[in-house]
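Asks: Fold the following and give me the result.
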Amino acid sequence: MIAENDRDYKDLPHLTTGDEEFRAKFLSWDLGNLTYVDVQEYLKVKDTILVPMASFEQHGPHLPIYTDTITAVEVTKRVAEMIAVLHTPPIWMGYSPQHMYAPGAGRGTITVRSTTLLNLLYDVGRSLIHHGFNRIIFINGHGSNVKVVDPILRKLRYETGALISFVKPYMENYVGILAGLMENPPEETPGWHSSELETSQDLAWNERYVRMERAAFTRAHIPEYLPKSFEKRDGMPDVEFEGYKYFTFPMDHHEFIESGVIGNPLRATKAKGEEAFRRLSEHVARGILELMKVPVEVHNREFVDRVF
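Replies: Numbering: from 1, shown residues only. Next up is the predicted model:
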């Protein structure tokens, strides 16, 4: 069970109006807290469901291993309350082979193979479509999942006709909607692993699980097996050569940063995390409201191949 916070999401502003009677029918927007009668009642009106997904990987000495899942769950919970849509419990394991470190090192990461993750997403998606959901929105909190999910998103769409979307509510080398919020300059990589953004978001989620006394500013470096003419500044698989990023390598995290922290988490604050969650969630919620207007016709609903 992901570490909980004390947030009452019902105090969030609603982006929908005139749906008080519909909202009153549900004790929770979490599918796991409802009965099948509730699900049937929901499907009479809406066909959208959110699926938070992320990873279970080390985030340096000061942040919990659940960090990426915290991001996905927090954004999902906020969006669900703002627009009155259901969500599943989180898929907390993800594709994180680069975060395993040496055998016996005790880093705590649990990774799944790409085929395992794809099969899981497929089975979850087909199950939801089988029950009557037509719009499946995966809310992702882990960068490396992006590398492997495209085939299964396409398979779900091609096989069923359902609307399948994959949302990336995190900042790495793309600032986007969080422009102006982070104080770290680019050379301190504010959005990178366990840096200013993730530390701020974890503080906003539940500061009891953040060990700021262990936080330190550390920068990525080129792995020892590559020539010094190559440079590395962030956590992406590509590196710089002659000022350009055309080379990529299957590097492990410890090969370019020993601590697991890329950037400066010391400027993180709870207020920044709260504002980041607000901006990301409201943006995603508005986008999903637009997607809910699109006609969707599912032509293959039954999940026949559900045994082996």
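Asks: now the strands for the stretch 51-200 of the chain?
Replies: All strands of the stretch 51-200 of the chain, identified by DSSP state E, counting those that start in this stretch, fall at 86-87, 135-140, 163-167.
Asks: Packing partners of the first one?
Replies: For strand 86-87, the contact count by 3 or more CB pairs under 8 Å, 6 or more residues apart in numbering; DSSP states H and E identifies strand 48-53, helix 67-83 as packing neighbours. Just so you know, the C-beta spots here come from the backbone N, C-alpha and C atoms, and that holds for glycine as well.
Asks: Relative to E297, which of those is closest?
Replies: Closest to E297 of these is strand 48-53 (CB to CB; 15.0 Å).
Asks: what's the angle from the closest one to helix 67-83?
Replies: 160 degrees (axes from the mean of the first three to the mean of the last three CA atoms, to 10 degrees).
Asks: List of residues touching strand 48-53?
Replies: 31, 69, 72-73, 75-76, 79-80, 85-91, 94, 121, 124-125, 128, 133-142, 145, 288, 291-292 (CB atoms under 8 Å, 6 or more residues apart in numbering).
Asks: picking up where we left off before, output the strands of the stretch 51-200 of the chain in a markdown table; the columns should cover distance to D252 and mean neighbour count.
Replies: Output for the strands of the stretch 51-200 of the chain, formatted as a markdown table (distance: least, CB to CB, whole Å; neighbours: other CB atoms under 10 Å):
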| stretch | distance to D252 | mean neighbour count |
| --- | --- | --- |
| strand 86-87 | 33 | 23 |
| strand 135-140 | 22 | 25 |
| strand 163-167 | 25 | 20 |
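Asks: Longest helix in this protein, by number of residues?
Replies: Once the chain is assigned using DSSP state H, the helix that runs over the most residues is helix 270-291.
Asks: Just the buried positions in that one, please.
Replies: Neighbour-count burial for helix 270-291, counted by 16 or more other CB atoms under 10 Å, picks out 270, 272-277, 279-285, 288-289.
Asks: can you check stretch 110-119 too?
Replies: For stretch 110-119, by 16+ other CB under 10 Å, it's 111-112, 114, 117-118.
Asks: Now the terminal residues of that stretch, how far apart.
Replies: Stretch 110-119 has its terminal residues 17 Å apart, counting by CA to CA, to the nearest Å.
Asks: centroid residue for this protein?
Replies: G141 (1.4 Å; CA atoms, centre = their mean).
Asks: Now do the same contact list for it.
Replies: 52-55, 68-73, 75, 169-170.
Asks: what's the answer for R219, then?
Replies: With CB under 8 Å, 6+ apart, R219 has these contacts: 187-189, 233, 257, 262-263.
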